[in-house]
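In: next input, structure requested:
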Amino acid sequence: MSPLPYGGLVTRARLAWMASLAVAMMVALAGGFLVHRYRGPSDVAPAMVPASWAQYRTSLGHVTHVDSGKVTCSGCHDFERNGFTSPGTVICAKCHATEAAHAHAGDAQNKTDCLTCHAFAPDRAAPKCISCHAESQGPLAAVKMHATTECAECHKLHGEHPIVPKSCTPCHSESSPKHAEHAGSRGCLDCHDGHTPALAALSSCSTCHAKEEASQPSGHKACLGCHKPHEFVTQGDAGCLGCHESKKTFLAARANAHVSCVTCHTPHAPQLAADSCRSCHSNITVKHSGNLLTVATGTGDVEACVTCHEAHPANAQVTVASCTSCHARVASSDTTGHGGGTACVSCHAPHDFDPPDKLGLCAKCHERETTLVATHRGHGDCSSCHGASTHKPRVSPACGSCHEKEQASAPPGHQACAECHEPHAGSILPKATTCASCHANKEGGPHGNVKGGCDTCHRPHGPNGPASPPDCTTCHAKDQLPALHGVRMHGQCSECHTSHEGPKSDRSTCTTGCHADRRNHQPGVQVCTGCHVFRR
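Out: Next comes the predicted model:
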């Protein structure tokens, strides 16, 4: 017996084992393969080594463990109990406890163990991760992007945290440093999943910006409509002008604050701009038809300003909408109210559209009239004569609505009350103090000097005074009349007399009706009273 390289003695069994080894080496060399020197345990009988050991020795797993790692066969195989059959994966943990604790476990349908990824069988290359992950694996989506990149560049396969937020910049020059400044940012991974197409990141905006997404109006739904990928910082007016460059803005030429879109519009809720007026105009309180629209405190209708001031008018010269655009029933235009020629602003102040008390309002233009009505208790309220509508007042009020008896009793010619009365004070006009102002032809008649004047027989209207002229005998008793008045045939006064003219004593009057038989009597005489007297 003599020593051997493995420390054994030359025995018959050793010689047999050495012979089989020589044969195997010759076969391997003949097939063109490089057969590695066997490093099995010194006490393994050559007869126990399977004939296929050379093929297994060339597998990646055995080369790594036996050649590079200097692991003996007995380090993994219990050849006394099981020979050289697969030892399973439990034995791996003896040396790889850390890796085994963070192994790739798969799921209930596709369980994985060490041998799934590490090849110990002959003629089997180490599998690529993509061979499984080209298709979705349970909750994990299929790897589409970076499918040709070595997974180990980003993943630690047996690390405590398998996914490493590796910097993307070595391959991708695009970056968004401002967008990644928030606490807890994972850089590119905030928006991008490393295995899904880049455009899929668009659906992730609402993950952090749900509030902005919920308030976006029509036309602003796509984030990239205003934001450039990787440049998410606000663009201010520049972002708005891309779509709204041609839009005119109210008073932009005179109000600097109106030049910038973002003064009034919140980028993610531009439709709420009406509420922004109060930020600059907190001192404006709008009153309209009794409703308080207070921009200052935020109560009431925040649309108050833009109801009259169009934010983006078609004509930039128009600063305020016409009142009659809403109040067409009041007037045909803003300058035709209150009788046809009064402008709305004559009575209504901007932002305080409710007029003051009516008497004070009327006095602005009708000071004389409002002073006069103060002397007439019944005329104190303008609306009592001119109607309740200040926009369409009655220009010629009907006095008979209050003075019904006077109106009904007024004789023809006296129906127009304002001919004799000052309409606001109710007093008699100077021109109406004497009847002669209208009845001058009656002034010099036989009754011109009657005591009591015209009122003795006439009244301008009722209810007081004589309703009609009294009978002549009221003043002229028949038995007291002189001369021929006493003749029976002369008893009807109206045959010869009228109230406001002298008696008719001409020949025609006397001979036409009563004394026809005297037509030829003294034909050269024109009046009968020359001989037939009626006076003393």
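In: correct me if wrong: Arg535 contacts Pro482.
Out: Yes: with contact defined as Cβ atoms under 8 Å, Arg535 reaches Pro482; the gap is 5.8 Å. Quick note: C-beta positions are derived from backbone N, CA and C, even for glycine.
In: low-confidence ranges, the protein, go.
Out: 1-49, 51, 162-165, 235-236, 289-304, 356, 359 (pLDDT under 70).
In: where do the domain boundaries of it fall?
Out: 1-127, 134-171+190-200, 475-530 (automatic domain parsing).
In: can you list those in TSV and add mean neighbour count and distance to Lys364?
Out: Shown next, in TSV, are the domains of the chain (neighbours: other Cβ atoms under 10 Å; distance: least, Cβ to Cβ, whole Å):
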stretch	mean neighbour count	distance to Lys364
domain 1-127	13	88
domain 134-171+190-200	13	66
domain 475-530	12	48
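In: okay, those in TSV with distance to Pro469 next?
Out: Below are these laid out as TSV (distance: least, Cβ to Cβ, whole Å):
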stretch	distance to Pro469
domain 1-127	125
domain 134-171+190-200	108
domain 475-530	6
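In: let me know which of those domains is the nearest to Asp357.
Out: Smallest distance to Asp357 across those (Cβ to Cβ): 51.1 Å, for domain 475-530.
In: what number of residues lie near Ala416?
Out: Neighbour count of Ala416, defined by other Cβ atoms under 10 Å: 11.
In: so how far is Cys435 from it?
Out: 16 Å (Cβ to Cβ, to the nearest Å).
In: my guess is Lys504 contacts Cys493, does it?
Out: No: counting by Cβ under 8 Å, Lys504 sits too far from Cys493 to count as a contact (11.2 Å).
In: and Ser276, what does it touch?
Out: Thr263, Cys264, His265, Thr266 (Cβ atoms under 8 Å, 6 or more residues apart in numbering).
In: kindly recompute the last result at 7 Å.
Out: Residues near Ser276 by Cβ atoms under 7 Å, 6 or more residues apart in numbering: Cys264.
In: could you measure it against Glu212, distance?
Out: For Ser276, the distance to Glu212 - Cβ to Cβ - is 17 Å.
In: first-to-last residue distance for stretch 228-238?
Out: 12 Å (Cα to Cα, to the nearest Å).
In: do the same with stretch 495-513
Out: So stretch 495-513: terminal residues 9 Å apart, Cα to Cα.
In: quick one, what contacts Arg425?
Out: If you look again at residue 425, you'll see it is Ala, not Arg. Leu372, Thr375, His376.
In: please disregard the earlier target; I meant Pro217.
Out: Counted by Cβ under 7 Å, 6+ apart, Pro217 has contacts Pro270, Gln271.
In: try 10 Å
Out: Pro217 is in contact with His268, Ala269, Pro270, Gln271, Leu272, counting by Cβ atoms under 10 Å, 6 or more residues apart in numbering.
In: doesn't His209 make contact with the first one?
Out: Okay, so that is His268. Yes: here His268 reaches His209: they are 7.9 Å apart, a contact under Cβ atoms under 10 Å.
In: thought Lys228 was touching Ala238?
Out: No: with contact defined as Cβ under 10 Å, Lys228 does not count as touching Ala238 (11.0 Å).
In: just to revisit the earlier point, out of the domains of the chain, which comes closest to Ala180?
Out: The nearest among these, by Cβ to Cβ, is domain 134-171+190-200 at 6.4 Å.
In: quick revisit: which neighbours do His268 and His209 share?
Out: By Cβ under 10 Å, 6+ apart, the residues touching both His268 and His209 are Gln216, Cys223.
In: tell me the contacts of the nearest residue to Asp455 once chain neighbours are set aside?
Out: Spatial nearest neighbour of Asp455, chain neighbours left out: Gly465 (6.1 Å); criterion: Cβ to Cβ, 6 or more residues apart in numbering. Gly465 makes contact with Ser409, Cys454, Asp455, Thr456, Cys457, His458, Arg459, according to Cβ under 10 Å, 6+ apart.
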